[in-house]
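> Here is a sequence with its predicted model. Questions after.
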Amino acid sequence: MKSSITLKNNSSTFLNTLYLLGCFTCLMSYSILITPIKAKPFNVEPQPKLQSETLSENISDSIKVGAEQLSLYLPLIKDKRIGLVVNQTSRVQNQHIVDYLINKGLNVEVVFAPEHGFRGNHEAGETVNSGLDKASKVKVYSIYGKQKKPSAKVMKQVDVLLFDIQDVGVRYYTYISSMHYMMEAAANNNIPFIVLDRPNPNGKYVDGPVLDKTFQSFVGVDEIPLLHGMTVGELALMINGENWINKKVDLTIIPVKNYHRKMDYSLPIKPSPNLPNDIAIAHYASLGFFEATPVSIGRGTHFPFQVIGFNDFSNGDFTFTPRPIKGVANSPKLSGEKAMGQDLRAIHTSGLDLSYLIAWYNLFKQHNKPFFTRSGFMDKLSGTDKLRKQIQAGLSQDEIKQSWQQGLDSFKKKRQPYLLYP
């Protein structure tokens, strides 16, 4: 794909920049001066507004996330009332971005809290309430629960919105759903939306069924595969460019420096209470389906999403006993009961592995026990009812994955104009 740089006169001290789509590799080898500009609206071939620093000839190999590059987004937020969509992962080195911006003298007006809360101390599905953050004295509005996006009255309190949350690249992880709805709220109220991009720890993989909009829910809003292989910045560009929100938003991306999607990236902070480490994040896409079954995947232990077990019969000889852990698993499945099954902590996984789900389904079938006890939720997690039906029909993992291939090929082609990293 040919790269181009468009320059435009601007009388302000700081200028905006247009980054090059699909040309990150050349930045790793050459010193390129990119003059920041304000991008034009999307046309037939979408062009993102992207900020990029001047790159030196000796580029460090270290990752530099969007939030750490204040010089790129300061011109867009200075002297403005700032709204932040953030959580515990939103850090600039050792500081939370809220404290970081306040200490810089910037006006942080509102924090919008997603699932798990602004401080990341709510378990999955737990109601997040609005209020005042005691530490920063900033107003906090919940965007998890009945209110998925703020009212126009709340939006009048801000002039610009920043999204800075670490995602894990799995469709049913609800931070990207919150991003979708906040982009829509920003667009409807003519407020600029800035994504401070972060790496995708599952960025190597594109796998799973593409969402059928019949099964659209908060665990699956956009027509993307279960593993989409995109950063939140790239995904925001696609949401905007594909008109998946009802009105285009004034969108800017602050890219990750020195990142490519095939690199291994270890998260410095756990992105949610039940994803405590890289192992859990790697298994998350494969084990999330068990939430729709009677089988435990370790909530209520210190190794959630790293084990599989049931209290009646088993696919292995590993045992664990889930117990309530405040703010992590208040009422875990099989609480107080010994579960028997599999320990996956030493097993390397790559992308989406359906073998566990199929094996446990067959075990339940042998014991004449219902497995998909929450079939509606299973279909929402899958983004389709086909996966559940294929497993029930006895299809193998290879047969199921082959049935997705056409949809995945189409998605990869559609996402290509929005990719910022090789």
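Received it, and whenever you're ready, just let me know what you need.

> In the stretch 1-150 of the chain, mark out all the helices, start to finish.
24-27, 70-77, 97-103 (DSSP state H, counting those that start in this stretch).

> Quick one: closest of these to residue 250.
When these are compared by Cβ to Cβ, helix 70-77 sits nearest residue 250, at 10.0 Å. Every C-beta, even on glycine, is put in place using the N, C-alpha and C of the backbone.

> just to revisit the earlier point, any chance of the helices of the stretch 1-150 of the chain in a markdown table, plus distance to residue 158 and mean pLDDT?
A markdown table is the format used below for these (distance: least, Cβ to Cβ, whole Å; pLDDT from 0 to 100):
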| stretch | distance to residue 158 | mean pLDDT |
| --- | --- | --- |
| helix 24-27 | 31 | 34 |
| helix 70-77 | 10 | 98 |
| helix 97-103 | 13 | 95 |
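
> Those: which one's closest to residue 308?
Per Cβ to Cβ, nearest to residue 308 of the helices of the stretch 1-150 of the chain: helix 97-103, 35.9 Å.

> What residues of the closest one count as buried?
97-102 (16 or more other Cβ atoms under 10 Å).

> quick one on the thing from earlier: switch the helices of the stretch 1-150 of the chain over to CSV; also include distance to residue 330.
CSV is the format used below for the helices of the stretch 1-150 of the chain (distance: least, Cβ to Cβ, whole Å):
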stretch, distance to residue 330
helix 24-27, 43
helix 70-77, 37
helix 97-103, 26
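
> hang on, isn't residue 175 packed against residue 113?
No - counting by Cβ atoms under 8 Å, residue 175 does not reach residue 113; the two are 11.3 Å apart.

> what do those two both touch?
Here residue 175 and residue 113 have residue 87 as joint contacts, going by Cβ atoms under 8 Å, 6 or more residues apart in numbering.

> helix/strand/coil for the residue nearest the centre of the chain?
Nearest residue to the geometric centre of the chain (Cα atoms, centre = their mean): residue 167, 3.0 Å. Using DSSP: H, G, I helix; E, B strand; the rest coil, the structure places residue 167 in coil.

> how long is stretch 213-232 from one end to the other?
End-to-end distance for stretch 213-232, by Cα to Cα, to the nearest Å: 20 Å.

> pLDDT weak spots in the stretch 1-150 of the chain?
Residue ranges of the stretch 1-150 of the chain with pLDDT under 70: 1-61, 117-130.

> any chance you could map the strands in it?
Remark: strands assigned in the stretch 1-150 of the chain by DSSP state E, counting those that start in this stretch are 49-50, 81-86, 91-92, 95-96, 107-113, 131-132, 139-142.

> Make JSON lines out of those and add distance to residue 225 and mean neighbour count.
Listed next are the strands of the stretch 1-150 of the chain as JSON lines, based on distance: least, Cβ to Cβ, whole Å; neighbours: other Cβ atoms under 10 Å:
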{"stretch": "strand 49-50", "distance to residue 225": "24", "mean neighbour count": "24"}
{"stretch": "strand 81-86", "distance to residue 225": "24", "mean neighbour count": "24"}
{"stretch": "strand 91-92", "distance to residue 225": "29", "mean neighbour count": "21"}
{"stretch": "strand 95-96", "distance to residue 225": "32", "mean neighbour count": "17"}
{"stretch": "strand 107-113", "distance to residue 225": "27", "mean neighbour count": "22"}
{"stretch": "strand 131-132", "distance to residue 225": "37", "mean neighbour count": "12"}
{"stretch": "strand 139-142", "distance to residue 225": "29", "mean neighbour count": "20"}
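
> These: which one's closest to residue 264?
Ranking the strands of the stretch 1-150 of the chain by distance to residue 264, with Cβ to Cβ as the measure, places strand 91-92 first at 20.0 Å.

> got a list of contacts for that closest one?
Counting by Cβ under 8 Å, 6+ apart, 67-68, 70, 97, 100, 268-269 sit against strand 91-92.

> tell me the contacts of residue 204?
When contacts are taken as Cβ under 8 Å, 6+ apart, residue 204 is in contact with 229, 261-262, 350-351.

> before we move on, the earlier item: ok, so of the buried residues of helix 97-103, who is nearest residue 402?
Relative to residue 402, the closest of the buried residues of helix 97-103 is residue 97; by Cβ to Cβ it sits at 43.3 Å.

> In contact with that closest one, which residues are there?
Listed by Cβ under 8 Å, 6+ apart, the contact partners of residue 97 are 67, 84, 86, 90-91, 162, 164, 196.

> and the gap between the residue nearest to it when sequence neighbours are not counted and residue 315?
Distances taken as Cβ to Cβ, 6 or more residues apart in numbering place residue 90 nearest to residue 97, at 4.4 Å, with adjacent residues excluded. Residue 90 sits 39 Å away from residue 315, going by Cβ to Cβ, to the nearest Å.

> Settle it for me: which of these two has more neighbours?
More crowded of residue 90 and residue 315, by other Cβ atoms under 10 Å: residue 90, with 26 against 17.

> Roughly how far does the more buried one sit from residue 219?
Residue 90 is 22 Å from residue 219, by Cβ to Cβ.

> Then residue 236?
From residue 236 across to residue 219, the span is 19 Å (Cβ to Cβ).

> again with residue 180
Distance of residue 180 to residue 219, computed by Cβ to Cβ: 12 Å.

> Would you map the strands across the stretch 151-300 of the chain?
Along the stretch 151-300 of the chain, the stretches classed as strands by DSSP E, counting those that start in this stretch are 160-164, 193-196, 207-210, 225-227, 251-254.

> State the pair within the contacts of residue 97 that is farthest apart.
91 and 162 (13.5 Å).

> just to revisit the earlier point, now the strands of the stretch 151-300 of the chain in TSV, with distance to residue 63?
TSV is the format used below for those (distance: least, Cβ to Cβ, whole Å):
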stretch	distance to residue 63
strand 160-164	15
strand 193-196	13
strand 207-210	24
strand 225-227	21
strand 251-254	13
